[in-house]
Every structure is written in C-alpha cells, then in structure tokens.
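Novice: The sequence and its predicted three-dimensional model are supplied below.
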Amino acid sequence: FFFSSRRRHTRCLSDWSSDVCSSDLPNGSGKSTLLMALCGLARLEHGTIALDGAVFDDGSRTFIPPAKRPVGVVFQGNLLFEQMNVMENLTFGLRARGLSRRDAAAKVAPLVETLSLGSLLQRRPRDLSGGQAQRVAIARALVTEPHVLLLDEPMSALDAATRAALRVEFRDLLAGFAGY
C-alpha cells in the first residue's frame with residue numbers, strides 16, 4: 001500500500017496480504033506505518049484495509065475514522081494524552097463512542113483492578129513510571145473490546161526487569177482476548 005502526506009509519498013508494502021503481521025520483517029519495511037493505517041491514523045493512497053468483510057479504507061472514497069474502527073493499538077511510546085489523568089485516558093475510547101462518564105468508568109473498572117491501576121487514576125502521564133504508563137496504554141486499547149489488537153513494540157523502551165514482568169502480566173491478560 002501507499003501512504004501519503006503533504007510532504008511525502010511512501011510505498012510501504014506491496015503485494016501484502018496476511019492474517020498476522022510478522023514481527024520479523026526488516027527495519028524500514030513499513031510495519032509501523034501499516035499499523036497506523038490499520039488503526040486509521042494514516043490514509044491509504046492505494047489498496048484496501050478490510051476486516052471481516054467491512055472496508056475501512058480503500059484509498060479513495062471509503063475511510064472509516066479511528067474511533068469507529070474495532071481496532072486497539074499500543075505503540076512503542078505509550079502516547080497517553082498528557083492533558084488527561086489516567087482515568088480520562090482509560091475512558092477516552094469509550095467516551096468517543098458515546099458512553100457516559102459513569103458507564104465508561106464502570107466498564108474500565110475490571111481492567112483497573114486486574115492491572116493494579118486504582119492508585120494511579122488521578123495521576124497525569126508525566127507522573128507515571130514507564131511500566132505504569134504501558135499498563136495504562138494496554139488497558140486503554142483493550143477496554144473498547146477491539147476485534148484486533150495491534151502492538152508496535154510496546155515494551156521496547158522499558159528496562160529489562162520491567163519488560164520481563166510486564167510480558168508475564170500481559171501474556172496472562174491477553175490469554176482471554178477474543179479478537180485477532
């Protein structure tokens with residue numbers, strides 16, 4: 001597919017179709033850009049993004065915005081909203097889909113407990129450790145119950161001990177993930 005912006009036109013991947021994006025593609029092959037397109041943060045110039053028969057982007061007339069896609073994503077940098085506290089970050093996707101504050105908070109509660117985030121709910125992202133921020137980012141991606149969860153090296157910026165601990169925690173958490 002092709003990704004375009006005002007400043008550049010980049011051929012990211014060609015003749016690519018897969019059920020799973022392999023992490024062993026070489027650096028610079030377009031993995032991160034592909035994830036951006038899949039979640040709706042980048043538009044295609046050519047090609048099609050579809051899931052279960054629903055077209056999200058066809059490079060011309062059809063483009064479904066990120067908030068309306070059943071896709072969760074966690075990038076290398078957690079990309080939490082700095083102006084929001086942890087609870088506001090966790091409920092952002094649900095609120096964007098029309099849930100009330102109360103309903104969104106109730107839906108977030110099980111993940112808050114599972115990931116031990118209760119004491120962090122009023123903190124801003126700048127006041128979190130790297131591991132805490134990544135737990136918030138993963139919870140924010142999962143709480144909308146996405147059909148697809150995209151992970152773009154979400155733990156690569158963490159120290160080895162934190163990375164190892166979070167891998168175990170996320171493996172257990174994602175074992176119950178019903179999506180792709």
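Specialist: Here it is on my side, so go on. Numbers count the residues shown, from 1 in each chain.
Novice: Contact partners for the residue nearest the centre of the chain?
Specialist: Computing the C-alpha centroid of the chain and ranking residues by Cα atoms, centre = their mean puts Val73 first, at 1.1 Å. Val73 is in contact with Leu35, Leu38, Cys39, Ala141, Leu149, Leu150, Leu151, Asp152, counting by Cβ atoms under 8 Å, 6 or more residues apart in numbering. (C-beta placed from N, C-alpha, C; glycine too.)
Novice: beta partners of it?
Specialist: In this entry, Val73 is beta-bridged to Leu150, by DSSP bridges.
Novice: Local confidence estimate at it?
Specialist: The model reports Val73 with a pLDDT of 88.
Novice: How about Ala178?
Specialist: Confidence score, pLDDT, at Ala178: 74.
Novice: Give me the distance between the nearest residue to it once chain neighbours are set aside and Arg171.
Specialist: The shortest distance from Ala178 to any non-neighbouring residue, by Cβ to Cβ, 6 or more residues apart in numbering, is to Glu145 (7.9 Å). The gap separating Glu145 from Arg171 is 19 Å, by Cβ to Cβ, to the nearest Å.
Novice: higher neighbour count, the two?
Specialist: Glu145 (13 against 9; other Cβ atoms under 10 Å).
Novice: Locate the more buried one within the secondary structure: which element?
Specialist: Assessed by DSSP states H and E, Glu145 sits outside every helix and strand.
Novice: Gln132 in helix, strand or coil?
Specialist: Classification of Gln132 using DSSP: H, G, I helix; E, B strand; the rest coil returns helix.
Novice: Chain neighbours aside, what residue packs nearest to it?
Specialist: Leu120 is the one closest to Gln132 (Cβ to Cβ, 6+ apart), at 6.0 Å.
Novice: shouldn't the one you found be in contact with Val136?
Specialist: Yes. Contact criterion Cβ atoms under 8 Å: Leu120 and Val136 qualify, at 7.2 Å.
Novice: Looking at these two now, which is surrounded by more residues?
Specialist: Val136 (26 against 22).
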